[in-house]
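Chemist: Fold the stuff below for me.
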Amino acid sequence: MRGDNAGMAHVLVIANQKGGVGKTTTAVNLSAGLARRGKRVLLIDLDIQGNATATLHRLLREGERSMAETLTSERPIDDIVVETSTPGLLLAPAGEGLAAVDLHLASMLGRERVLARVLESAILREVDQVIIDTAPYLGLLTMNALVAADHLLVPVSCEYLPILGLKLFGDALSRLRARLGAPCRVLGYLLTMYDRREKITTEVETLLRRTFGDAVFPHPVRISTRHKAAPSFRKTIYQFDPPRGRGREDYERVTDEILRRLGQPKALAERLDSLRARAAG
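Modeler: This next block holds a predicted model:
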């Protein structure tokens, strides 16, 4: 528990309209990496597949409360948060009901700001960082995440199709900022599934760095079977990879870069004002 003078949590959403680019892998392992650095972290699973929940906790049983109930009833998120096997890392889990939440939100007043309102809860004074994992489409769940977030991290796999979708995603984010006043800014682009032996990897990296410059993270996440295997054992890469493993090393670098780019947290008053403004619209 943090004292009354502690800052509000910074909110980072991990999103890309293209699936299979490493969003959940990044959400889980970045959250674990930050927790290993002494940060208290809350990972919110807004992906209807619930893979982050299955990795860090387990598949929810029928009747267990999840983000679906939290959003549809606008209850405080504190009620569903669970501990994980990584000290300092908390999880707001996804359940089967999340698949129907987009439809439910469509009829709600201020439908893009429901998550921002839900995050006006005590848990934001108890954690340093909130990470939001999202589904691979720009529905109302993802829009809620973008409106509630301070920053956006975009994982990009080393293929052409994810590159083609970045402009559409960027345009959608710009419209969201203009229409709703969402403060979310791109913190950076993270190359994933990186294999220097493949010609396409070099081509995609060159194009991405030419287009976005220093916004592209300096160190990519290299392709590794360990990333695919770890979730089946319900482990983060830090629990599954050996100490000098490449998967573990890559996410240590990602964590370093995130902390460097975020700098010092905002003052409590500024964070409170920002969150209230988002919830109020």
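
Chemist: Would you mind listing the buried residues in the longest helix seen in the chain?
Modeler: Criterion DSSP state H: the longest helix present in the chain is helix 160-180. The neighbour-count check on helix 160-180 (16 or more other Cβ atoms under 10 Å) flags 162-163, 165-166, 169, 173, 176, 180 as buried. Using the backbone N, CA and C atoms, a C-beta is placed for each residue, glycine as well.

Chemist: Same question for stretch 71-80.
Modeler: Across stretch 71-80, burial judged by 16+ other Cβ under 10 Å covers 71-72, 77-78, 80.

Chemist: And stretch 103-118, by the same measure?
Modeler: Within stretch 103-118, the residues that count as buried by 16+ other Cβ under 10 Å are 104-105, 112-118.

Chemist: Would you mind listing where the chain has pLDDT under the threshold?
Modeler: Low-confidence segments of the chain (pLDDT under 70): 1-7, 162, 264-281.

Chemist: Run through the helices of it in chain order.
Modeler: Taking DSSP H, the helices of the chain run over residues 23-36, 51-56, 67-73, 101-105, 114-118, 140-148, 160-180, 199-212, 225-229, 237-240, 246-262, 268-280.

Chemist: With distance to L91 as new columns, can those be given to me in a markdown table?
Modeler: Below are the helices of the chain laid out as a markdown table (distance: least, Cβ to Cβ, whole Å):
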| stretch | distance to L91 |
| --- | --- |
| helix 23-36 | 9 |
| helix 51-56 | 5 |
| helix 67-73 | 10 |
| helix 101-105 | 18 |
| helix 114-118 | 15 |
| helix 140-148 | 16 |
| helix 160-180 | 26 |
| helix 199-212 | 31 |
| helix 225-229 | 19 |
| helix 237-240 | 15 |
| helix 246-262 | 18 |
| helix 268-280 | 21 |
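
Chemist: right, and these - which one's nearest L124?
Modeler: For those, proximity to L124 was assessed by Cβ to Cβ; helix 268-280 is nearest, at 7.5 Å.

Chemist: Export only the CA atoms of stretch 122-142, formatted as PDB.
Modeler: As requested, the backbone C-alpha atoms of stretch 122-142 are provided in PDB (Å, rounded to 0.1, in the frame of the first residue of the first chain):
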ATOM      1  CA  ALA A 122      -8.100   3.100  -4.800                       C
ATOM      2  CA  ILE A 123      -6.000   0.700  -6.700                       C
ATOM      3  CA  LEU A 124      -4.500   3.600  -8.800                       C
ATOM      4  CA  ARG A 125      -3.000   4.900  -5.500                       C
ATOM      5  CA  GLU A 126      -1.500   1.500  -4.700                       C
ATOM      6  CA  VAL A 127       0.300   0.900  -7.900                       C
ATOM      7  CA  ASP A 128       3.000   2.700  -9.900                       C
ATOM      8  CA  GLN A 129       2.100   1.400 -13.400                       C
ATOM      9  CA  VAL A 130      -1.000   0.200 -15.200                       C
ATOM     10  CA  ILE A 131      -0.400  -1.900 -18.300                       C
ATOM     11  CA  ILE A 132      -3.400  -2.600 -20.600                       C
ATOM     12  CA  ASP A 133      -3.400  -5.500 -23.000                       C
ATOM     13  CA  THR A 134      -5.900  -5.100 -25.900                       C
ATOM     14  CA  ALA A 135      -7.600  -7.200 -28.600                       C
ATOM     15  CA  PRO A 136      -6.300  -6.900 -32.200                       C
ATOM     16  CA  TYR A 137      -9.100  -4.600 -33.500                       C
ATOM     17  CA  LEU A 138     -10.100  -1.100 -32.800                       C
ATOM     18  CA  GLY A 139     -13.400  -1.800 -31.100                       C
ATOM     19  CA  LEU A 140     -14.900   0.000 -28.100                       C
ATOM     20  CA  LEU A 141     -12.800  -1.900 -25.600                       C
ATOM     21  CA  THR A 142      -9.600  -0.800 -27.300                       C
END
